[in-house]
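Peer 1: Provided below for reference: sequence and predicted model.
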Amino acid sequence: MVWLAVAAALLGAFFLAVGTQRQASAVQASTGGLSLSPDGLLRMLRSPRWVLGLVLLGTGMALNVFALVSAPLTVVQPIGAIALVITTMVNSKDQGIRLNRMTVVSITACMAGSAAFVLLAVTVTAHHQDVTADGELAVVLLLAVVVAIFLPLEVMFRHRLNAFTYILGAGMLFGFVAVLVRIIGLHLLDPNGRFIANVPLYTLVAIAAAAGLGSWFVQSAYASGPPDLVIAGLTVIDPLVGIAIGIFILGELQPNVHAVAAIAMVGAGLVAIVGVIALSRHHPDVLQKQEEARRRAQAAGT
């Protein structure tokens, strides 16, 4: 079942990558790089390219839900990194962007770190699927803290936030969404036959809040950053949040994990994080926008 979940996650990553690129190009064409407004998001519903991206994203998410219910978070979450390569290839061809050396190195670091983490996680993850009520409540309370941080930032500083801030917020929020999807899925599969009645109301409210605010942050990130940077942040930050919760709250790791394996997993995660940071600094689209901002500042100074 674990390897079937891995296959579903890989296929889901493909749909998510292409859907992300379609939506990002539609949003950037509509906003011209400016902040996305609520009215602007409603206008996107009339864009065939954006709607196609939505359908692809929905398909990818459905496959991810199956994967999350069928296998531990620690195994499934990092697989989404494959979406980074797909998004980069599709977007560079669509926009006529020639990738520089640092961008290629950064993407390679993201992929290598995430792939190594998955391979290690498969060998050290426990196979039980029990989630305690205390663990579930702890996840919801942690999510409330994250929402309490990012929602005021969006309300008070919406026109000042850059793509990386939106990506950070979206990655953290969707990390919680993945955890809650797994928890709700396990409730629905409980043999007591109560299905949705097993799910506490606060869990349903929590996943709706995280998915709603996270989706807005992703759309806002599209308006101010290249789609491969958006997907890079999501496929690294999202899994790290999910994995941390899976390890420290849901207890997904085996109790006798060897120190070498633990250190290797930490090292692989750090490599992936460094790749995202480097990509946010050296991507051709980012460098172009920095150069345009510098020229505008020089023109204003003269």
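Peer 2: Looks like it arrived, so ask away.

Peer 1: Now do the same for stretch 117-129: mean pLDDT, whole number.
Peer 2: Mean per-residue pLDDT for stretch 117-129: 70.

Peer 1: what number of residues lie near Arg98?
Peer 2: Residues contacting Arg98 under the criterion other CB atoms under 10 Å number 7. All C-beta spots, glycine's among them, are computed from the backbone N, C-alpha and C.

Peer 1: And for Phe195?
Peer 2: Other residues lying near Phe195 total 11 when counted by other CB under 10 Å.

Peer 1: ok, how many other residues are close to the residue nearest to it when sequence neighbours are not counted?
Peer 2: Ranked by CB to CB, 6 or more residues apart in numbering and with sequence neighbours excluded, the top spatial neighbour of Phe195 is Leu188, at 5.4 Å. As a burial measure, the neighbour count of Leu188 was computed by other CB under 10 Å and equals 14.

Peer 1: what's near enough to touch Leu188?
Peer 2: 195-196, 198-199 (CB atoms under 8 Å, 6 or more residues apart in numbering).

Peer 1: So, low pLDDT: which residues of the stretch 1-150 of the chain?
Peer 2: By pLDDT under 70, the low-scoring segments of the stretch 1-150 of the chain are 1, 31-41, 73-75, 77-78, 80-81, 95, 122, 126-129.

Peer 1: And the helices in it?
Peer 2: For the stretch 1-150 of the chain, the helices defined by DSSP state H, counting those that start in this stretch cover 2-31, 38-43, 48-70, 73-76, 82-95, 101-124, 133-157.

Peer 1: Kindly compare burial across those helices and name the winner.
Peer 2: For the helices of the stretch 1-150 of the chain, average neighbour numbers computed from mean count of other CB atoms under 10 Å are highest in helix 73-76, which has a mean of 28.

Peer 1: How about the spatially most central residue of the chain, nearest residue that isn't a chain neighbour?
Peer 2: The chain has Leu234 as the residue nearest its centroid, 2.6 Å off, counting by CA atoms, centre = their mean. When the adjacent residues along the chain are set aside, Leu234 lies closest to Gly171, with 5.2 Å between them (CB to CB, 6+ apart).
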